[in-house]
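A.B. asks: what would the 3D arrangement of this be:
(2 chains)
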Amino acid sequence: MRVIARATALTALGLLLGAAGPADSPVNVPEPDGLYTGPPRGYTPATLKGATVIDREGLEKLLPDKPVLIDVVLADHRPAGLPADRPWLPTHRSIPGAVWMPGAGAAPLAPEKEEAFLRRVAELTGGDRAKPIVTFCRPECWGSWNAGKRLVAAGYSRVHWFPLGVEGWQDDHDTAVVKPDRAWAESGEGRAAER
Amino acid sequence: MKRLMLALSLTLSALALAPAPVRAGATDTDEERAARWSEIKTSIFGDRKVEASESAVTIDAPARALDAALVPIGLTLADKGSVKGLYFVIDDNPSPYAAHFTFGPAADPGEIKLRVRVNNYTNVHAVVETKDGRLLESAKFVKASGGCSAPMGMSDEEAMKGMGEMRLKFAGEPQAGKPVEATLMIRHPNFSGMQMNQITRDYTPARYIEKLDVTSGDQLVFHLDGDISIASNPVINFAMRPDIQGPIKVVASDNQGGRWEHSFPLPSASN
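C.D. replies: The predicted model follows:
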């Protein structure tokens, strides 16, 4: 109940201040019933049932509560056909302190990866289902929506979805270089993780 | 409802009291970015010394790009008489080494323009190599992201239609004693290899223009070593010496064996 009141209050506040919704899109995208399995890039819904959608200001306000920040941006894919002697130096910048689990928002996800994701989040939250969690990737990316959906389904009560993602954050904040989370990367074989 | 009002007023007062968001100090980031550049520099130039020189080459780029897959870059070289080559690097692109121009005797290397893909908010670097072997660098920060993996918005077949077609446009009437400015447009998807087909979720293999030679008569204007960071349908602005002879020959080849050759007559002088 408290969660709903909080969500309602935030929504009401948004309306009151006339703030633009965090997921402005030219089309009204309805929430799918379950995980979204369509093309990973595209317009996303303005809502995520059971979770709070936050904009940059919302994230700034949440940070003092030390939320678990989960970045699901896909890892850059080394192109087929790139000569072997070309320097290939992928790097990823994220919100400082974020845990990067590339591709954890993919759907479908191999069962062992799905399990690994939930196990890792359980570790990061110390088993506290009421710990605030933020999922994000890039704008118009369904991965972070799916990741949030998975966590809501797993019983986490303070899931936040930050649809603006790394781009929205780096607009006026510093980012930090992050490496893929090792436990996540080592769970199962690479191919599933890339998708 | 009472609870809601309470939550609201609490949030509002918190808002009123909250200090203005502090811009985080850029020190960590600056250090990380410097370390990144130094890693890239070593991979391209080895132990050669690269001197900072903001004046040797000026980078003109939008501080915030409208389209990260099509970021216009202008490079102005201060001392064109001493220039041998020009490197362009996009630090945070996974394949940072975007372009290397080598100028020939027919070039007037005062300015080069091209369009690139930018993967994330990043420093870009231009490095001039002088005829006496010095390397002079300058940098600029560009805000754009997602350019390397942005789908082209059409099928691969459609993107490859007319591949290798070229146009060469001259800027105005030729004038005695003035460099001949030209714009070369090549139809080629320049697939980065990082673009995912949204339906099949397969990656389109990298197919990009690897080598480009522009010659005037039997003299080289420039040679370009390209990379996946150059935007699809490459457009390059360059200039040639006033006294060049036609025709202008362009030979382009890509990393999958495609090779295209076109010849363009010089516009006739009006005097």
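A.B. asks: on the three-state scheme, the residue of chain B found nearest chain A is what?
C.D. replies: Nearest residue of chain B to chain A (Cβ to the nearest Cβ) works out as residue B:193 at 2.0 Å. C-beta here means a position set from N, CA and C on the backbone, and glycine is covered the same way. On the three-state scheme (DSSP: H, G, I helix; E, B strand; the rest coil), residue B:193 is labelled coil.
A.B. asks: which non-adjacent residue is nearest it?
C.D. replies: residue A:79 (2.0 Å; Cβ to Cβ, 6 or more residues apart in numbering or on different chains).
A.B. asks: so how many other residues sit close to that neighbour?
C.D. replies: Residue A:79 is flanked by 24 other residues according to other Cβ atoms under 10 Å in any protein chain shown.
A.B. asks: separation between the residue of chain A positioned farthest from its centre and residue B:106?
C.D. replies: Distance from the centre of chain A peaks at residue A:85, with 34.3 Å (Cα atoms, centre = their mean). Between residue A:85 and residue B:106 the distance is 29 Å, computed by Cβ to Cβ, to the nearest Å.
A.B. asks: residue B:136 too?
C.D. replies: With Cβ to Cβ as the criterion, residue B:136 and residue B:106 are 23 Å apart.
A.B. asks: so the residue nearest to residue B:193: helix, strand or coil?
C.D. replies: Going by three-state DSSP: residue A:79 is coil.
A.B. asks: residue contacts, it?
C.D. replies: Going by Cβ atoms under 8 Å, 6 or more residues apart in numbering or on different chains, residue A:79 touches B:95, B:192-194, B:203, B:205-206, B:228.
A.B. asks: now residue A:69
C.D. replies: Taking Cβ under 8 Å, 6+ apart as the test, what residue A:69 contacts is A:94-95, A:97-99, A:134, A:136.
A.B. asks: mind checking pLDDT for the residue in chain A positioned nearest to chain B?
C.D. replies: In chain A, the residue that lies nearest chain B is residue A:79 (2.0 Å; Cβ to the nearest Cβ). Note on residue A:79: pLDDT of 88.
A.B. asks: equivalent analysis for residue A:12, please.
C.D. replies: At residue A:12, the model reports a pLDDT of 40.
A.B. asks: how about residue A:37?
C.D. replies: At residue A:37, pLDDT is 93.
A.B. asks: tell me how many other residues surround it.
C.D. replies: Residue A:37 has 12 neighbours, counted by other Cβ under 10 Å.
A.B. asks: what about the residue nearest to it when sequence neighbours are not counted, helix or strand, and which?
C.D. replies: The shortest distance from residue A:37 to any non-neighbouring residue, by Cβ to Cβ, 6+ apart, is to residue A:107 (4.9 Å). When elements are assigned from DSSP states H and E, residue A:107 belongs to no helix and no strand.
A.B. asks: tell me the contacts of residue A:107?
C.D. replies: Residue A:107 neighbours (Cβ under 8 Å, 6+ apart): A:35-37, A:142, A:146.
A.B. asks: now swap in residue B:53 and tell me
C.D. replies: B:128, B:136-138.
A.B. asks: which residues touch the residue nearest to residue B:213 when sequence neighbours are not counted?
C.D. replies: Counting by Cβ to Cβ, 6+ apart, residue B:213 lies nearest to residue B:251, which is 4.7 Å off, once chain neighbours are set aside. Neighbouring residues of residue B:251 by Cβ under 8 Å, 6+ apart: B:211-213, B:215, B:259-261.
A.B. asks: residue B:143 too?
C.D. replies: Residue B:143 neighbours (Cβ under 8 Å, 6+ apart): A:170-171, B:63-65, B:121.
A.B. asks: give the burial count for residue A:155, as a bare number.
C.D. replies: Neighbour tally, residue A:155, other Cβ under 10 Å: 11.
A.B. asks: ugh, wrong one, I meant residue B:34
C.D. replies: By other Cβ under 10 Å, 12 other residues sit near residue B:34.
A.B. asks: name the SS class of residue A:167, please.
C.D. replies: helix.
A.B. asks: all helices of chain A, in order?
C.D. replies: A:2-17, A:56-62, A:111-124, A:142-153, A:165-170, A:182-186, A:190-194 (DSSP state H).
A.B. asks: what's the angle between the fourth one and helix A:111-124?
C.D. replies: What that stands for is helix A:142-153. Helix A:142-153 and helix A:111-124 are oriented at 70 degrees to each other (axes from the mean of the first three to the mean of the last three Cα atoms, to 10 degrees).
A.B. asks: mind listing what's buried in helix A:142-153?
C.D. replies: Neighbour counts over helix A:142-153 (16 or more other Cβ atoms under 10 Å in any protein chain shown) mark A:142-152 as buried.
A.B. asks: quick one: contacts of that helix?
C.D. replies: With contact meaning Cβ under 8 Å, 6+ apart, helix A:142-153 is reached by A:34-36, A:38, A:40-42, A:44-45, A:48-51, A:70, A:72-74, A:103-107, A:114, A:117-118, A:121, A:133, A:135-137, A:159-163, A:165.
A.B. asks: mean confidence for it?
C.D. replies: For helix A:142-153, the mean per-residue pLDDT is 97.
A.B. asks: kindly report the same for the third one.
C.D. replies: When pLDDT is averaged along helix A:111-124, the result is 96.
A.B. asks: summarise which helices and strands it is packed against.
C.D. replies: strand A:68-71, helix A:142-153, helix A:182-186 (3 or more Cβ pairs under 8 Å, 6 or more residues apart in numbering or on different chains; DSSP states H and E).
A.B. asks: hmm, 10 Å instead?
C.D. replies: Packing contacts for helix A:111-124, counted by 3 or more Cβ pairs under 10 Å, 6 or more residues apart in numbering or on different chains; DSSP states H and E, involve strand A:68-71, strand A:99-100, strand A:133-136, helix A:142-153, helix A:182-186, helix A:190-194.
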